[in-house]
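K.L.:
No letters, just coordinates:
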C-alpha cells in the first residue's frame, strides 16, 4: 500500500503542492492531498510533478508498430512506444479497409483488448467521405450498412469503443444510432457535410468530432460547415491534434477558448513513425513518407497521421494555457490534465482512469522541470 509524494500532484481539479497519493495494494487510489502525507512516503519523487496517465482516444501506431497490421508483434511494439511516453490508456484506431481485412483486424484487436494490451478499438473508416478521405484508401470507402456493422460488433464482443462517420453518407444517421445502441461512441469526421447536416447526426447520438478541422469541409462565411456545428454544440467532445503541424497553435487556442478544456480531447492520431523518426512506413495499405517529423502519403502533400506523442501534447497544452512561468501555472496544468486524460476518458466511458482520485486506477506519469517524462506507472 504505497504512499507517493512529489513537489506537485496535479489532478483534473487541483494542484497539490506538495502533494501525495495513497494507493492500495490493488493499485487503486485511496486518497490524494496537499502537504505532509498521512504517513511517511514509500516513494518520494522529490521536485518532480506527478500527473494522471495520459489517455489517447485516437492513435494508429508508433515505434515502428502499426495497429492496422495483422501482426500482434507490431501492435505490441506500437503500444510499448506510447506507454513509454506516458499513454497509460490507449485506443487502437483502424483505418478504412475492405470488409474481409477489417473483420480480421477487429478480431485480432478484440483479443488484444481482452488481454489488456490496448483498451478499445476505434474504426476511423471506412464510412467516411471520398472527398475528405485524407490518408484512407479511397477504394475501400463505402456507405454504412446495418448488417456489416452488426457483424463487426458481434466479432468485437464489446471492444469497439468508437466509430467515425461522415453524416452526409446514405444510412449514416441510422448507423450512428446503431453504434450508440451497441454501447460505442459515434463520431463525426472525414466529412464534407454542410452545417445543416451535422445537427441531425448529433441529435442521433454523435458525441465526438474526429480531429476537428482536419479532413473536414473548411469554414466559409456563407457556408459554416461541420467545424462550426461541432464546435458550437456542448454535447460534442472536440478532438484536436495540437502538434503544430495539423493545426496552427493559434487555431488550437481559439478552439480551446470556444469549447473549454472540458470539451477538448487532445489526440496523437499517431502512425508508426511516432517516437521513432523519419523514414518510409505504411498506414493500412498506403505508403507513407516521414520527413522532418511530418508524415505524408508518398508522392503527395496529404498528411498521414502524426508523429507526436501524448507527453508532447501535454506540454503544448500547458504552453497554450500560459506555461509554467505564466500568470496562472496551476490553471495551465489542470487544463492540460483535462485535455490529455480526464476529458478523453470521460468521453469514451473509461470510468476507471483519467484522473488521480479515490476509486480510480493509480496510473500516473512523473515529469521533470521541463515536463519531460521521467517515469510511467501503469
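P.N.:
All right, it came through fine. In this text the structure is predicted, and so the values were computed from the model without any measurement. Numbers count the residues shown, from 1 in each chain.
K.L.:
Which SSE is immediately downstream of the host helix or strand of residue 5?
P.N.:
Using DSSP states H and E, residue 5 maps to strand 3-6. Using DSSP H and E, the helix or strand that follows strand 3-6 towards the C-terminus is strand 8-10.
K.L.:
helix or strand right after that next one?
P.N.:
strand 15-16.
K.L.:
That following strand - contacts with which helices or strands?
P.N.:
strand 8-10, strand 29-34, helix 329-337 (3 or more Cβ pairs under 8 Å, 6 or more residues apart in numbering; DSSP states H and E). Backbone N, C-alpha and C define where each C-beta goes, glycine included.
K.L.:
Deepest-packed of these, please.
P.N.:
Neighbour counts (mean count of other Cβ atoms under 10 Å) averaged over each of the helices and strands packed on strand 15-16 peak at strand 8-10, with a mean of 24.
K.L.:
tell me the phi and psi of residue 152?
P.N.:
phi -70, psi -40 (degrees, to the nearest 10).
K.L.:
measure it to residue 295 for me?
P.N.:
In this view, residue 152 and residue 295 are 27 Å apart by Cβ to Cβ, to the nearest Å.
K.L.:
Going along the chain, name the strands of the stretch 51-200 of the chain.
P.N.:
Secondary structure of the stretch 51-200 of the chain (DSSP state E, counting those that start in this stretch): strands at 54-56, 61-62, 65-66, 87-94, 120-123, 160-165, 185-188.
K.L.:
Pick out whichever of residue 152 and residue 295 has more residues nearby.
P.N.:
residue 295 (27 against 21; other Cβ atoms under 10 Å).
K.L.:
Hmm, that one is touching residue 308, no?
P.N.:
No. Applying Cβ atoms under 8 Å as the test, residue 295 and residue 308 come out as separate, 10.2 Å apart.
K.L.:
I'd like the distance from the strand holding residue 5 to the chain centre, please.
P.N.:
Remark: strand 3-6 is offset 28 Å from the chain centroid, using Cα atoms, centre = their mean, to the nearest Å.
K.L.:
Residue 375 pairs with what?
P.N.:
Beta-bridge partners for residue 375, by DSSP bridges, are residue 366.
K.L.:
so how far is residue 45 from it?
P.N.:
Residue 375 is 8 Å from residue 45, by Cβ to Cβ.
K.L.:
Touching both of the two, which residues are there?
P.N.:
Counting by Cβ atoms under 8 Å, 6 or more residues apart in numbering, the contacts common to residue 375 and residue 45 are residue 366.
K.L.:
For these two, indicate the residue with more neighbours.
P.N.:
The neighbour count for residue 375 versus residue 45, taken as other Cβ under 10 Å, is higher for residue 45 (22 against 14).
K.L.:
Quick one, grab the pLDDT at that one.
P.N.:
pLDDT, residue 45: 97.
K.L.:
Does residue 334 touch residue 13 like I think?
P.N.:
Yes. Counting by Cβ under 8 Å, residue 13 is a contact partner of residue 334 at 6.8 Å.
K.L.:
quick one: strands adjacent to the strand holding residue 5?
P.N.:
By DSSP bridges, strand 3-6 pairs with strand 19-23 (antiparallel), strand 43-44 (parallel).
K.L.:
Point out the most buried one among these.
P.N.:
Mean neighbour counts for the strands paired with strand 3-6 (mean count of other Cβ under 10 Å) peak at strand 19-23, with a mean of 23.
K.L.:
List of residues touching that strand?
P.N.:
By Cβ under 8 Å, 6+ apart, strand 19-23 touches 1-10, 29-38, 41, 50, 356, 362, 364.
K.L.:
Please apply the same query to stretch 212-231.
P.N.:
Residues outside stretch 212-231 that contact it (Cβ under 8 Å, 6+ apart) are 128, 132-134, 188-195, 197-199, 202, 209, 236, 238-241, 246-247, 251, 255, 258-259, 303.
K.L.:
Can you give me the end-to-end span of that stretch?
P.N.:
Start-to-end span of stretch 212-231 (Cα to Cα, to the nearest Å) is 8 Å.
K.L.:
With stretch 256-265 instead?
P.N.:
By Cα to Cα, the extent of stretch 256-265 from end to end equals 10 Å.
K.L.:
how about it: buried residues?
P.N.:
For stretch 256-265, burial by neighbour count (16 or more other Cβ atoms under 10 Å) applies to 256, 259, 261, 263, 264, 265.
K.L.:
so which of those residues comes closest to residue 124?
P.N.:
residue 265 (14.7 Å; Cβ to Cβ).
K.L.:
how much space between the closest one and residue 208?
P.N.:
Separation of residue 265 from residue 208 (Cβ to Cβ): 8 Å.
K.L.:
go on, residue 308?
P.N.:
19 Å.
K.L.:
now do residue 13
P.N.:
23 Å.
K.L.:
Quick check on these two: which one has the bigger neighbour count.
P.N.:
Ranked by neighbour count (other Cβ under 10 Å), residue 13 and residue 208 place residue 208 first, with 28 against 12.
K.L.:
where does that one land in three-state SS?
P.N.:
strand (DSSP: H, G, I helix; E, B strand; the rest coil).
K.L.:
That one reaches residue 233, doesn't it?
P.N.:
No. Contact between residue 208 and residue 233 fails when scored by Cβ under 8 Å: they sit 11.2 Å apart.
K.L.:
What are the boundaries of the helices in this protein?
P.N.:
72-84, 99-114, 146-156, 172-181, 195-204, 225-232, 249-259, 310-320, 329-337, 343-348 (DSSP state H).
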